[in-house]
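Novice: need the 3D shape of this:
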Amino acid sequence: MIISDVETFIVGNPWKNWLFVKLHTKEGVYGIGEGTLNGFAKTVEAAIHELKHLFIGRSAFDVETISLKMLRDVYSNGGQIQGSALAAVETACWDIIGKASGQPLYKLLGGQCHDKLRCYANGWYRGPRTPDNFYEKAKVVVERGYTALKFDPFGSAWRTVEKKDFNLALDIIEAVRDAVGPDTDILIEGHNRFSVHTALQFAEAMRSFNPTWFEAPVPPQNISSMVEVARRSPVP
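Specialist: As a prediction, this is how the structure comes out:
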């Protein structure tokens with residue numbers, strides 16, 4: 001299964017643009033992968049085409065070699081752009097491997113471990129940033145059968161937050177908790193954007209609503225900040 005060409009497709013939607021790749025092989029089998037990265041669809045697309053000389057002409061089965069070449073052999077650190085390009089190509093390779101082997105990928109990657117997996121709802125709350133909107137949409141999510149839902153109540157907050165906006169975020173969290181009841185997990189998304197002080201203020205204030213976790217409260221590259229918040233936050 002020798003890779004002969006790569007196509008890229010940017011697919012728009014109201015939330016973010018998706019980026020897909022289609023790897024072709026000389027044998028006619030193709031594989032699909034995804035390299036979506038918020039705000040950088042065209043950038044990742046360009047990276048895939050810039051790096052294609054590292055995987056075209058190679059066997060799709062040589063996943064480790066292709067991965068090393070796309071990461072190591074450019075002698076630079078392309079961060080999330082490079083990682084997303086690699087993710088798209090590697091996933092497409094595995095798609096080809098599964099088709100060529102006539103096996104579902106889970107059998108090739110270690111076998112079945114679970115009869116079922118729980119999932120949470122995300123991206124369900126688009127619309128006005130008001131407690132009423134979050135309340136009504138959370139009701140719909142639970143009615144569809146979800147037992148956990150993730151959301152970002154913080155609007156355009158960045159590092160520090162004015163008191164009015166701070167209180168609005170808490171009102172939104174409270175509205176979601178009221179809508180879904182005590183037995184549904186609510187997952188609070190911070191999108192990496194607070195200072196340690198602000199993150200801990202929010203963590204303490206949302207504690208009474210019993211969130212299951214406070215995701216990405218501070219920038220992940222700031223390891224000391226992550227450690228401090230993790231140690232002091234009353235919310236996981």
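
Novice: which residues touch Pro104?
Specialist: For Pro104, the contacting residues are Gly98, by C-beta atoms under 8 Å, 6 or more residues apart in numbering. All C-beta spots, glycine's among them, are computed from the backbone N, C-alpha and C.

Novice: okay, it: pLDDT?
Specialist: If you check Pro104, the pLDDT there is 94.

Novice: tell me how far it lies from Glu34.
Specialist: Here the distance between Pro104 and Glu34 works out to 18 Å (C-beta to C-beta, to the nearest Å).

Novice: swap in Ile10?
Specialist: Using C-beta to C-beta, one gets 11 Å for the distance from Ile10 to Glu34.

Novice: mind listing residues that contact stretch 64-81?
Specialist: Against stretch 64-81 from outside (C-beta under 8 Å, 6+ apart): 37, 40, 43-44, 47, 51, 54-55, 58, 82, 85-86, 89-90, 93.

Novice: go with 6 Å
Specialist: The list of residues contacting stretch 64-81 from outside it, by C-beta atoms under 6 Å, 6 or more residues apart in numbering, reads Leu37, Thr43, Val44, Ala47, Leu51, Leu54, Phe55, Arg58, Leu86, Glu90.

Novice: following the one helix or strand in the chain whose mean pLDDT sits lowest, which helix or strand comes up?
Specialist: The helix or strand with the lowest mean pLDDT-type score in the chain, counting by mean pLDDT, DSSP states H and E, is helix 105-108 (a mean of 92). Taking DSSP states H and E as the definition, the helix or strand that follows helix 105-108 towards the C-terminus is helix 131-143.

Novice: now do the buried residues in that following helix.
Specialist: Within helix 131-143, the residues that qualify as buried are Pro131, Phe134, Tyr135, Lys137, Ala138, Val141, Val142, counting by 16 or more other C-beta atoms under 10 Å.

Novice: rounded mean pLDDT for that helix, please.
Specialist: When pLDDT is averaged along helix 131-143, the result is 97.

Novice: flag every buried residue along the helix or strand hosting Ile97.
Specialist: Taking DSSP H and E as the definition, one finds Ile97 inside helix 79-101. The neighbour-count criterion (16+ other C-beta under 10 Å) identifies 81-99 as the buried residues of helix 79-101.
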